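Asker: Just to be clear, the model below is a prediction. Sequence and coordinates:
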Amino acid sequence: MIGKGSTIFMTQVPNITLNTGAAMPQLGYGVFQVPPDQVVEPVAEALRAGYRSIDTAAVYGNEEGVGRAIAESGVAREDLFVTTKLWNDKQGYDSTLAAFDESLTRLGLDYVDLYLIHWPVPSRDLYVETWRAFEKLLADGAVRAIGVSNFLSDHLERLVAETDVVPAVNQMEVHPTFQQVDVQQTCRALGIAVEAYSPLGRGGDLDAPAVVAAATELGVTPAQVVLRWAVQQNRIVIPKSMSVERQATNMDLFSFELSEEQMAQIDALESGVDGRTGADPATAAFTQFRD
Ligand SMILES: NC(=O)c1ccc[n+]([C@@H]2O[C@H](COP(=O)([O-])OP(=O)(O)OC[C@H]3O[C@@H](n4cnc5c(N)ncnc54)[C@H](OP(=O)(O)O)[C@@H]3O)[C@@H](O)[C@H]2O)c1
């Protein structure tokens, strides 16, 4: 429940139907760069605010705290959608299966809803073999859906050509100044849902004049405009915020709409690689584990 003025209302987050038939909330809460010793409270607050999808990763070092917040929340497991990711140094068949077990133990869960290959790391050429292990986890019922992150079109096309299960999701950097429209199109063509990470451009896209103008016109925050733009284009979004107030407003995306003109003005903020906040998946090969 979220308080808005004097009215209390339950924010309805729509689901996106994955190619497995499973439903994934279109809005989730991401915990990248939330230190392990500080993660319990913001995740607990997010769950209190009504978030039901939580995005973590082995490399974030905070799976244990995420699991604790979930356990203490009282929210039924079947009402939650938990995503975690395999870190790069664990790619390979046997190492993937072992790393998955470790994640599950840290989370204190019996299964995860979505397990992602965090980066393709094409220089190691292990993502196809890794995917075979993901297919086994899916067949065993240890995960409800399997997907990838930071995959470019050629990685997606190769995976689909050489393996049996089409990824349910590609979690990729998408925000107004860096949209990767070509990769999004490949995902759609292959039946892969697009999940936008860093959907606010890590805060960097919120001052853009088109965003501020739409926010003023609609009486909402710039972050709501940017997130609404994404959901209106059928993407899943996982904004991160340590602030209870911003967590709440970031959820309130389903009671207003951007006009075609406002959408087009935000589309026009695309600035190519200059807008990128993360690494380039074609070359990124970091394998250092965080802890
Ligand atoms: N797969 C990958 O490789 C990958 C890479 C990056 C991120 N991700 C996932 O995507 C999630 C989100 O991405 P992100 O954390 O990089 O960036 P983001 O969600 O785009 O932006 C987070 C930043 O925006 C600020 N912010 C949040 N809400 C705001 C609001 N309403 N008004 C003003 N500022 C606001 C936050 O500050 P406060 O905390 O102070 O509010 C924080 O500095 C991550 O947590 C992670 O789960 C995945």
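Answerer: That came through, no problem. Bear in mind the structure is a predicted one, so any value in this text is a computation, not a measurement. Residues are numbered from 1 along each chain as shown.
Asker: And stretch 79-98, end to end?
Answerer: Distance across stretch 79-98, first residue to last, is 27 Å (Cα to Cα, to the nearest Å).
Asker: Would you mind listing where the stretch 151-291 of the chain has pLDDT under the threshold?
Answerer: 288-291 (pLDDT under 70).
Asker: Around the ligand, pick out the residues from it.
Answerer: Contact residues, the stretch 151-291 of the chain versus the ligand (Cβ under 6 Å from any ligand atom): 171, 197-203, 206, 221, 223, 238-243, 246, 249-250, 278. Every C-beta, even on glycine, is put in place using the N, C-alpha and C of the backbone.
Asker: Any chance of a PyMOL selection covering the buried ones in these?
Answerer: Buried residues within those, by 16 or more other Cβ atoms under 10 Å, are selected in PyMOL with:
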select buried, resi 171+197+198+199+200+201+202+203+206+221+223+238+239+240+241+249+250
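Asker: out of the residues of the stretch 151-291 of the chain next to the ligand, which are inside strands?
Answerer: Counting by DSSP state E, the part of these found in strands is 171, 197.
Asker: Filter the residues of the stretch 151-291 of the chain next to the ligand down to just the ones in helices.
Answerer: Here DSSP state H is the test, and these give 223, 246, 249-250 as lying in helices.
Asker: so the residue of the chain at minimum distance from the ligand bridges to which residues?
Answerer: Closest residue of the chain to the ligand, Cβ to the nearest ligand atom: residue 30 (2.4 Å). Taking DSSP bridges, one finds residue 55 as the beta-bridge partners of residue 30.
Asker: What is the burial count for it?
Answerer: Neighbour count for residue 30, taken as other Cβ atoms under 10 Å: 24.
Asker: Please apply the same query to residue 45.
Answerer: 18.
Asker: Residue 92 now?
Answerer: So residue 92, with other Cβ under 10 Å, has 17 neighbours.
Asker: Distance-wise, check it relative to residue 188.
Answerer: As for residue 92, its distance to residue 188 is 30 Å (criterion: Cβ to Cβ, to the nearest Å).
Asker: backbone phi and psi for residue 253, please?
Answerer: Backbone torsions for residue 253, taken as degrees, to the nearest 10, come to phi -120, psi 0.
Asker: Isn't it up against residue 14?
Answerer: No. Counting by Cβ atoms under 8 Å, residue 253 stays clear of residue 14, with 9.6 Å between them.
Asker: neighbour count winner among the two?
Answerer: residue 253 (26 against 12).
Asker: on that earlier part again, contact partners for the residue of the chain closest to the ligand?
Answerer: 55-56, 197, 238-240 (Cβ atoms under 8 Å, 6 or more residues apart in numbering).
Asker: And the helices in this protein?
Answerer: 40-49, 63-73, 93-107, 127-140, 153-162, 181-190, 209-218, 222-232, 244-251, 260-267.
Asker: and the gap between the closest residue to residue 65 other than its chain neighbours and residue 29?
Answerer: What sits nearest to residue 65 in space, not counting adjacent residues and going by Cβ to Cβ, 6 or more residues apart in numbering, is residue 39, at 3.6 Å. Remark: distance between residue 39 and residue 29 (Cβ to Cβ) = 11 Å.
Asker: which one of the two has more residues nearby?
Answerer: Neighbours per residue, other Cβ under 10 Å: of residue 39 and residue 29, the larger number sits with residue 29, 26 against 23.
Asker: Check what pLDDT that one gets.
Answerer: What the model reports for residue 29 is a pLDDT of 98.
Asker: Pretty sure it sits against residue 50.
Answerer: No. If you go by Cβ under 8 Å, residue 29 and residue 50 don't touch, sitting 10.1 Å apart.
Asker: tell me which parts of the stretch 1-150 of the chain are close to the ligand?
Answerer: So far as Cβ under 6 Å from any ligand atom goes, the stretch 1-150 of the chain lies against the ligand at 30-32, 55, 118, 149-150.
Asker: For residue 190, list the residues it contacts.
Answerer: Contacts of residue 190 by Cβ under 8 Å, 6+ apart are 156-157, 160, 166-167.
Asker: how does it look with 7 Å?
Answerer: 156, 160, 166 (Cβ atoms under 7 Å, 6 or more residues apart in numbering).
Asker: Quick check: the second one vs residue 280, distance?
Answerer: Residue 160 sits 22 Å away from residue 280, going by Cβ to Cβ.
Asker: Please apply the same query to the first one.
Answerer: Residue 156 sits at a distance of 16 Å from residue 280 (criterion: Cβ to Cβ).
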